Structures are given as structure tokens and as C-alpha cells.
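> structure for the following, please:
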Amino acid sequence: MQIALFQPDIPQNTGTILRLCACLNVAAHIIEPAGFPVSDRHFRRAGMDYLDQVTIQRHDSWTAFETWRHEQAHRLVLFSTKADRPYLDFRYETSDILLFGRESAGVTDEVAEAADERVVIPVAPGMRSLNVAVSVAMALGEALRQTQHSLEHAT
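You can find the predicted model right below:
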């Protein structure tokens, strides 16, 4: 299981997500351009000293990420407010990459179309969406539960 962030633009959220990945021994991908430099103090503060403990792969562009993903044969699962299938009704695989869009704009149509699967975390009527760091935690928790992830055997 891996997490990918498409052009993240809020450093605190990215730092929090990378801290989550470090604690659960899950690799993370950042698809550039990000809306902040990795030296940003808010990013560093949210990630704390956990940033040295997480495997982070940066991709210069969506195209670079897609090339890498296809070479590795990973299924891409996009979490989107525009999807119809609830994330709890989806069957995850250990080699999945869970993709989350920019806080301000989600993903482009090209990215949405490239995803192998699209799922949604349902929210109450009238609500737009959850914070992306909360969404990643919920999604990753369910995916790891389904795949019986063990920290001793994490990749």
C-alpha cells in the first residue's frame, strides 16, 4: 500500500500525511508541482522528526509519476468527491496506490481518467469534503485493515 499526493498545496496537510505514512510504514509519493517548498516551516513542523522515517518519492510531473507507476504495475485508486463508489465498498489490494488531489482543486480530468478505480468517502448532505489528511487516514486505515497489513511486514 502506498499514498500519492497530486500537487499538494497546503504544507501542514502534507506534513501530517507524511507523518502518518512514517508511523504506518507506508511509502508516499508527491506529484509535483507542490504549492510549497519542502523547506517550508509549516511542512516541517507538521511532519516533525518523522519526515526522516518515511520513504518519499517525488515525481516531477503527472507524466513522470504515470511512467513510474506503469513500470511498477501498481493499480491507482483515486479518492474523489466526484466518485460514486463508497470507499468502504471497495476491495483494496496490497499493491494499490491511493491517490489524493490538491486541497484547493482536486485532480485534473486527465488524472481522474487515468485512475484504475475511483472511490468516495461519503459525507453528510450539504458538506463539500473532509480535510485531505483526515481522508488519507480514513482511507489508509480501511485499506490496511482489508489487506491485513502488519507493521512487521510493511513495504
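
> helices along this protein, start to end?
Using DSSP state H, the helices found in the chain span residues 11-24, 41-47, 62-72, 109-114, 132-146.

> what residues does the shortest one touch?
Contacts with helix 109-114, where a contact means CB atoms under 8 Å, 6 or more residues apart in numbering, come from 6, 62, 66, 76, 78, 80, 82, 99, 101, 118. In this view, the C-beta of every residue, glycine as well, is placed from N, C-alpha and C.

> burial measure for Val77, as a count.
For Val77, the count of nearby residues is 23 (other CB atoms under 10 Å).

> as JSON lines, the helices of the chain with distance to Ser95 would be great.
Below are the helices of the chain laid out as JSON lines (distance: least, CB to CB, whole Å):
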{"stretch": "helix 11-24", "distance to Ser95": "16"}
{"stretch": "helix 41-47", "distance to Ser95": "25"}
{"stretch": "helix 62-72", "distance to Ser95": "8"}
{"stretch": "helix 109-114", "distance to Ser95": "17"}
{"stretch": "helix 132-146", "distance to Ser95": "11"}
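
> ranking the contacts of helix 109-114 by neighbours, who comes first?
Most surrounded of the contacts of helix 109-114: other CB under 10 Å gives Leu99, at 28 neighbours.

> next one: the nearest residue in space to Asp84 that is not next to it in sequence from Val111, what distance?
Leaving out its chain neighbours, the residue that sits closest to Asp84 by CB to CB, 6 or more residues apart in numbering is Val120, at 6.8 Å. Distance, Val120 to Val111, using CB to CB, to the nearest Å: 16 Å.

> grab the two from the contacts of helix 109-114 that are most spread out in space.
The span of these, defined through CB to CB, is set by Glu66 and Lys82 at 19.8 Å.

> give me phi/psi at Ala34?
Main-chain dihedrals, Ala34, degrees, to the nearest 10: phi -90, psi 160.
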